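>>> the sequence and its predicted three-dimensional model are supplied below.
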Amino acid sequence: MRKGLTLGLTVLLSAATLLAQPRGTTLVVDDKAEGIPIQPTMYGIFLEDINFAADGGLYAEKICNRSFEYDNPLQGWKTFGKVEVLSEGGPFDRNPHYVRLRYPGHPARQCGLENGGWLGIGLEAGAEYRLSFWARTAGKPRTVGLLAALCDPYGSAENQVLGAEEVTVTSSKWTKYEVVLKADRTVAKGAFRLLLWDESQEAVVDLEHVSLFPSDTFHGDENGLRKDLAQALADLHPGILRFPGGCIVEGTSLDNRYQWKNTVGPVENRPININRWNYGTFERMFPDYYQSGGLGFYEYFRLAEEIGAEPVPIVSCGMACQFQNDPEWHPNCSLEDLGTYIQDALDLIEFANGSPKSKWGKVRAEMGHPEPFGLKYLGIGNEQWGAEFIERFEPFMKAVRAKYPDIQIVGTSGPYLGGEWFDDLWKEMRRLGVDLVDEHYYSWEGFYEKNANRYDSYPRTGPKVFAGEYACHGSDGKKFNHFNAALLEASFMTGLERNADVVVMSSYAPTFAHVEGWQWRPDLIWFDNLRVMRSCSYYVQQLYAANKGSRVIPLTIDGKPVADVRNLNATCAVDDATGDLIVKIANLSPYSQVVTFDLPGGLTGAERTALHSDNPMDENTLDEPSRVVPVTEQLDLTPVADPANEWLLGVRHQENGRIAYSERLGGRTFAVYRFHTK
Ligand code: AHR
């Protein structure tokens with residue numbers, strides 16, 4: 001070929017290539033790059049018993065103060081007739097209180113107890129409820145009759161009773177009794193009643209650990225979880241489950257820190273603990289908010305296993321909540337006493353991973369799980385800071401490393417997203433060589449809008465980041481789960497994924513909130529006694545986790561990462577199992593814009609799942625849980641009719657064998673594209 005002709009052809013081809021792009025922004029997917037592995041732990045769940053997340057929420061127990069152990073032993077109960085609280089001779093040494101019912105003094109009077117749960121008991125028509133309690137006869141008659149009933153105490157129907165069963169107590173020795181109750185209608189704020197139902201005026205009966213569970217729990221566990229709420233967790237496809245918090249790890253004072261040993265073994269003998277969120281603020285106080293310990297460490301490990309997540313327990317480092325304590329009050333353990341806290345952590349690892357012959361492995365095995373839970377991570381302290389933290393953290397960490405060198409240690413950068421404490425803590429975490437640093441950032445919209453590049457400049461060596469608590473809080477005190485907050489989280493999270501060599505774990509926080517019982521918002525999942533609502537932020541988390549991919553590869557506009565370029569933030573991953581190229585992109589502009597993905601040729605199909613609302617303040621509610629949900633569409637990959645027409649959207653084949661796929665990406669939209677290469 002003559003030189004002039006070659007040149008002419010090249011010019012023509014370049015013009016054609018130029019014309020083969022529609023107007024708009026081109027994002028180039030570098031599918032040949034090796035990329036950076038995305039850890040399976042990348043997107044996970046933070047669980048803390050805040051907002052009635054556990055007791056009164058995920059934990060399916062319906063009775064508040066079932067063991068009569070609150071500071072006021074009858075808190076949560078209404079009593080009628082002759083009811084006494086006793087504490088000598090009960091069946092459970094760590095929960096000594098029980099109640100005694102006796103003849104009320106007149107045949108037309110009643111004696112008994114009523115419990116309305118925490119914020120009412122949700123009961124569903126046709127559903128079965130497993131009542132259990134411990135009882136003994138305590139008077140002359142050898143048997144005593146009781147009547148158990150599901151009720152609607154605030155309803156106006158002729159009959160308050162939804163379902164009832166008689167139970168006869170037949171022994172003067174403490175015995176467990178069980179009966180199934182069935183509700184004939186649905187009530188959101190029902191109650192449970194247990195009445196002395198005996199003709200004898202000498203009937204006396206003692207009752208302890210009165211418990212009511214739906215028969216249908218998550219995975220059918222007896223000491224189980226509310227199915228709809230646990231399913232919402234499973235549907236997040238979490239890589240990790242962090243528990244039990246949060247501030248409740250620390251306690252308002254050390255004596256009410258979370259002590260995992262109090263949450264294992266027979267459920268009847270687990271001591272209760274006042275919840276730090278009971279009295280979180282004067283404006284929203286919940287005096288009956290205690291932790292029953294029923295959803296304890298065994299149940300957390302089991303839940304992690306059931307939903308396919310790595311367990312990430314966080315333990316107290318001997319410091320009570322620093323926000324709630326002045327150092328002059330000496331709220332922390334002495335350095336001499338630190339050994340107790342360290343031992344608790346070492347025992348926890350043995351509980352999770354030890355052989356059934358070991359002391360704590362045996363406890364696990366006796367609870368029904370002889371196989372180890374395979375614990376790999378341990379967080380020491382929650383949001384701690386200052387010299388008093390480091391002087392406790394350092395020996396703590398060294399002791400864990402010495403005994404369990406394979407356990408990855410999670411340290412902390414404190415409660416703030418930057419600043420002096422943050423910098424100092426990061427320096428210390430590096431010096432000490434922790435494996436991961438737990439960063440927390442509850443911040444306003446501007447932070448999430450402008451910080452998708454937060455991790456671009458982090459050192460590539462040293463501890464990895466666990467973005468352990470974050471959520472976009474509205475400015476001007478508007479803290480709720482509006483669509484715009486979710487969009488900004490999605491946009492910010494492109495930066496987590498692009499930096500998968502630095503960030504290896506993340507979890508939005510908090511996860512659950514009862515609509516009437518919250519202390520903190522926004523939250524990922526809202527519920528009442530019967531219903532659940534997945535927020536817009538929930539769908540963002542779900543989209544990320546369900547489309548995580550194995551490696552992040554370069555995605556560029558004009559050779560640069562897509563971080564705050566023309567209101568776009570984006571990232572691209574490869575799923576090695578399927579060969580899919582997964583682009584996650586947030587268009588923060590209120591206006592739509594044309595985007596072109598420069599992709600390898602030979603695609604076999606593609607789809608786009610988008611989360612969008614025209615109204616940034618839109619939100620899902622319990623009444624309208626599907627206002628803003630992801631919508632999936634198959635993409636049409638047939639080539640455009642006239643590739644030279646820059647106005648046409650769709651697929652164009654490039655002369656280099658690649659394709660350009662163009663479409664109009666809606667304003668204020670988060671979209672996940674899956675391009676199939678196989
Ligand atoms: O997620 C709510 C609280 O925020 C957590 O308990 C605490 O760690 C943080 O301050």
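That came through, no problem.
>>> distance between stretch 668-675 and the chain's centre?
24 Å (Cα atoms, centre = their mean, to the nearest Å).
>>> run through who's touching it.
Under the contact criterion Cβ atoms under 8 Å, 6 or more residues apart in numbering, stretch 668-675 has outside partners 29, 483-484, 486-487, 490-491, 540, 543, 547, 580-590, 592, 597, 599, 603, 606-614, 616, 635, 661, 665. Every C-beta, even on glycine, is put in place using the N, C-alpha and C of the backbone.
>>> buried ones among those residues?
By neighbour count, with 16 or more other Cβ atoms under 10 Å, the contacts of stretch 668-675 hold 29, 483-484, 486-487, 490-491, 540, 543, 547, 580-588, 597, 599, 603, 606, 608-613, 635, 661, 665 as buried.
>>> residues of the chain that sit close to the ligand?
Residues of the chain lying near the ligand by Cβ under 6 Å from any ligand atom: 48, 50, 245, 246, 247, 382, 383, 415, 469, 509, 510, 520.
>>> picking that back up, inside strands: which ones of the buried ones among the contacts of stretch 668-675?
Taking DSSP state E, the ones among the buried ones among the contacts of stretch 668-675 that sit in strands are 29, 581-587, 597, 599, 606, 608-612, 661, 665.
>>> now, the residues of the chain next to the ligand that are in helices?
Residues of the residues of the chain next to the ligand located in helices (DSSP state H): none.
>>> of the residues you listed, select the buried ones using a ChimeraX command.
Buried members of these, defined by 16+ other Cβ under 10 Å, are picked up in ChimeraX with:
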select :48,50,245,246,247,382,383,415,469,509,510,520
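>>> can I get the residues of the chain next to the ligand in JSON lines including pLDDT?
JSON lines is the format used below for those (pLDDT from 0 to 100):
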{"residue": "48", "pLDDT": "98"}
{"residue": "50", "pLDDT": "98"}
{"residue": "245", "pLDDT": "95"}
{"residue": "246", "pLDDT": "96"}
{"residue": "247", "pLDDT": "97"}
{"residue": "382", "pLDDT": "97"}
{"residue": "383", "pLDDT": "96"}
{"residue": "415", "pLDDT": "97"}
{"residue": "469", "pLDDT": "98"}
{"residue": "509", "pLDDT": "98"}
{"residue": "510", "pLDDT": "98"}
{"residue": "520", "pLDDT": "95"}
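>>> of the residues of the chain next to the ligand, which belong to strands?
Using DSSP E, the residues of the chain next to the ligand in strands are residue 469.
>>> out of the residues of the chain next to the ligand, who's nearest residue 193?
Nearest to residue 193 among the residues of the chain next to the ligand is residue 50, at 30.2 Å by Cβ to Cβ.
>>> how near is the closest one to residue 625?
Plainly put, residue 50 is 22 Å away from residue 625 if you go by Cβ to Cβ, to the nearest Å.
>>> how is the chain divided into domains?
21-38+552-676, 44-60+230-548, 77-214 (automatic domain parsing).
>>> deepest-packed of those, please.
domain 44-60+230-548 (a mean of 20; mean count of other Cβ atoms under 10 Å).
>>> where does that domain sit relative to the chain's centre, distance-wise?
The mean C-alpha position of domain 44-60+230-548 is separated from the chain mean by 9 Å, Cα atoms, centre = their mean.
>>> first vs last residue of that domain, how far apart are they?
11 Å (Cα to Cα, to the nearest Å).
>>> quick check: phi and psi at the residue in the stretch 101-250 of the chain that the ligand sits nearest to.
Closest residue of the stretch 101-250 of the chain to the ligand, Cβ to the nearest ligand atom: residue 246 (3.2 Å). As for residue 246, its main-chain torsions (degrees, to the nearest 10) stand at phi 90, psi 170.
>>> that one contacts residue 53, correct?
No - using Cβ atoms under 8 Å, residue 246 is not in contact with residue 53, being 9.5 Å away.
>>> find the residues that touch each one of the two.
residue 510.
>>> for residue 332, see how far away the nearest residue to residue 55 once chain neighbours are set aside is.
Of all residues not flanking residue 55 in the chain, residue 292 sits nearest, at 5.2 Å (Cβ to Cβ, 6 or more residues apart in numbering). Residue 292 sits 27 Å away from residue 332, taking Cβ to Cβ as the criterion.
>>> can you tell me the SS state at residue 318?
Secondary structure, DSSP: H, G, I helix; E, B strand; the rest coil: residue 318 is coil.
>>> quick check: chain neighbours aside, which residue is closest to it?
Nearest to residue 318 is residue 333, by Cβ to Cβ, 6+ apart, at 3.7 Å.
>>> which SSE is that neighbour in?
Per DSSP states H and E: residue 333 is located in neither a helix nor a strand.
>>> list the contacts for it?
Contacts of residue 333 by Cβ under 8 Å, 6+ apart are 254, 318, 319, 340, 341, 392.
>>> isn't the first one right next to residue 329, touching?
The reference is to residue 254. No - using Cβ under 8 Å as the test, residue 254 is too far from residue 329 to be in contact (11.2 Å).
>>> any shared contact partners between the two?
Contacts common to residue 254 and residue 329, judged by Cβ under 8 Å, 6+ apart, are absent.
>>> cool, thanks, signing off.
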